[in-house]
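[1] need the 3D shape of this:
(one chain, ligands or ions: 1)
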Amino acid sequence: MNFAVGPTQLHPQIPSIAQDFLTSSLASASHRSSAFQQLYANTVEELKTLMGIPQNYEIYFDASGSSLFERVILNLTTESSHHFVSGSFGEKWFSYAKLLGRRVEKTSIKSDFSGYELPEEIDTDSLICLTYNETSLGVKLTPKMLQKFRQKFPNHLIALDTVSAAPLIDFEWSDIDSTFFSVQKAFGMPAGLGVWVVSPNALKRGLALIDKYPLHQGAHNRISDFHKNYKTYQTPSTPNIMGIYMLCEICKTYNHLGGLSYLKKINEQQRAFFDKEISEINGLEFSITNSDYRSKTIAVLKYAEPKRLIEALKKRDITISKGYGDFEEQHIRIGIFPHHEMESIRHLIEALKSCLN
Ligand SMILES: Cc1ncc(COP(=O)(O)O)c(C=O)c1O
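    Predicted structure coming up:
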């Protein structure tokens, strides 16, 4: 049983989906073939249906969430980006922008994790970079907070990292211009695929930049190349076709079950049970005390001896994640994703109780 924050437990259908792919002609098809074009088109349709992505947004495939940290900075900034940082992944994105030579500014989340003191002004050209679900600390932005960003900075491009939450999202698409995620977390898939969602506004800005600053966007998977290829559902370079196939099938499965409302209902049931049980276990405590700001997929718990607990669970064949970075000796992290069965979550709780008694 794997409750790591990702890569995590595979969705139970993955082995049969993988088998179907490997025995199909798609497994050795070219990314210029009509079979691939059909797959790309289907995946876009299923993903848009599942996540409510507007029809006029484009969807591109890359290697991972981190590769999209870079892609977003390269393609959507001229000189500067402003990062709102609530933990290590926001910090990492900030450091990518710095390494890429952008002028970077940072605003850190308030110490009670209730959000950000929004700056009076941000350079009009700056890209605003936000982390929706900070996997290191288990803190999440609320739809209201995202709405405030949009109201305060209506003309800025806003990019949102949704890596450890997607497809489980609750914001309005009109509040952001671009998002990206990888699939080894809440989709329950093997790692190796990053997905980039780009609004018409972000695309327009990216395309204008390449004319003005031709060297700013690097060489690989530039937004202009993505866009040109997207028109015929192709990709600039050979993509992870198996990953795209799996993504399409997982989205199809969830869409048949009721889409995002189904996922939200499952998550509510999981968390109502999990959070209540955790609150009754002595010695474990949510690191984010206000549940409004608590991640719905990543539970970060304070515990005095994380290593011992992780080892004890391992002996019961249960994997969880250690605390991130400086919090290795203070936290454990548990991924609760829609494909985790309630029965497994009950089993995890029982194991936690018995390890802690
Ligand atoms: C919030 C967040 N952003 C970005 C990343 C990087 O994604 P990837 O591991 O797919 O490169 C992670 C990975 O855990 C993450 O949790």
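
[2] what distance do you get for Phe3 to Ile310?
    In this structure, Phe3 and Ile310 are separated by 11 Å, where distance is defined by CB to CB, to the nearest Å. Where C-beta positions appear, they are placed from N, C-alpha and C, glycine not excepted.

[3] sorry, wrong one. I was asking about Ser95.
    Going from Ser95 to Ile310 by CB to CB gives 27 Å.

[4] those two: which is more packed in?
    Between Ser95 and Ile310, counted using other CB atoms under 10 Å, the more crowded position is Ile310 (19 against 13).

[5] wait, is the more buried one part of a helix?
    Yes - with DSSP: H, G, I helix; E, B strand; the rest coil as the criterion, Ile310 is assigned to a helix.

[6] shared neighbours, Phe3 and Ile310?
    Ile320 (CB atoms under 8 Å, 6 or more residues apart in numbering).

[7] contact partners of the helix or strand Leu348 falls within?
    Assigned by DSSP states H and E, Leu348 belongs to helix 342-356. Among residues not part of helix 342-356, those counted as contacts by CB under 8 Å, 6+ apart are 1, 3, 9, 269-270, 273-274, 277-278, 281-284, 309, 312-313, 316, 318, 320, 334, 336.

[8] which strands and helices sit next to the helix of greatest length in the chain?
    Longest helix in the chain, counting residues (DSSP state H): helix 259-279. Based on contacts counted as 3 or more CB pairs under 8 Å, 6 or more residues apart in numbering; DSSP states H and E, the elements that helix 259-279 packs against are helix 34-51, strand 285-286, strand 298-302, helix 342-356.

[9] any idea which of these gets closest to the ligand?
    For the ligand, the closest of the helices and strands packed on helix 259-279 is strand 298-302, at 7.9 Å, according to CB to the nearest ligand atom.

[10] mind giving me the packing neighbours of that closest one?
    For strand 298-302, the packing partners by 3+ CB pairs under 8 Å, 6+ apart come out as helix 259-279, strand 285-286, strand 331-335.

[11] returning to what we had before: tell me which residues of the longest helix of the chain are tucked away?
    Within helix 259-279, the residues that count as buried by 16 or more other CB atoms under 10 Å are Gly259, Leu260, Leu263, Lys264, Ile266, Asn267, Gln270, Arg271, Phe274, Glu277, Ile278.

[12] what angle do it and strand 298-302 make?
    Using axes from the mean of the first three to the mean of the last three CA atoms, to 10 degrees, the interaxial angle of helix 259-279 with respect to strand 298-302 works out to 10 degrees.

[13] pLDDT of helix 259-279, averaged?
    For helix 259-279, mean pLDDT rounds to 98.

[14] again, but for stretch 298-310
    Rounded to a whole number, the mean pLDDT of stretch 298-310 is 96.

[15] got it, and stretch 184-195?
    For stretch 184-195, the mean per-residue pLDDT is 98.

[16] same question, stretch 82-101
    For stretch 82-101, the mean per-residue pLDDT is 97.

[17] export only the CA atoms of it, formatted as PDB.
    Written as PDB, here are the backbone C-alpha positions of stretch 82-101 (Å, rounded to 0.1, in the frame of the first residue of the first chain):
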ATOM      1  CA  HIS A  82       7.000  37.500  -9.100                       C
ATOM      2  CA  HIS A  83       6.800  34.300  -7.000                       C
ATOM      3  CA  PHE A  84       4.300  33.800  -4.100                       C
ATOM      4  CA  VAL A  85       6.000  31.100  -2.100                       C
ATOM      5  CA  SER A  86       4.400  28.800   0.500                       C
ATOM      6  CA  GLY A  87       7.000  26.100   0.700                       C
ATOM      7  CA  SER A  88       9.900  24.300  -1.000                       C
ATOM      8  CA  PHE A  89       8.300  23.800  -4.400                       C
ATOM      9  CA  GLY A  90       7.400  27.400  -4.800                       C
ATOM     10  CA  GLU A  91      10.900  28.200  -3.700                       C
ATOM     11  CA  LYS A  92      12.300  25.800  -6.400                       C
ATOM     12  CA  TRP A  93      10.300  27.500  -9.100                       C
ATOM     13  CA  PHE A  94      11.600  30.800  -7.900                       C
ATOM     14  CA  SER A  95      15.200  29.400  -8.100                       C
ATOM     15  CA  TYR A  96      14.600  28.200 -11.600                       C
ATOM     16  CA  ALA A  97      13.600  31.700 -12.700                       C
ATOM     17  CA  LYS A  98      16.700  33.100 -11.000                       C
ATOM     18  CA  LEU A  99      18.900  30.500 -12.800                       C
ATOM     19  CA  LEU A 100      17.300  31.400 -16.100                       C
ATOM     20  CA  GLY A 101      18.500  35.000 -15.500                       C
END
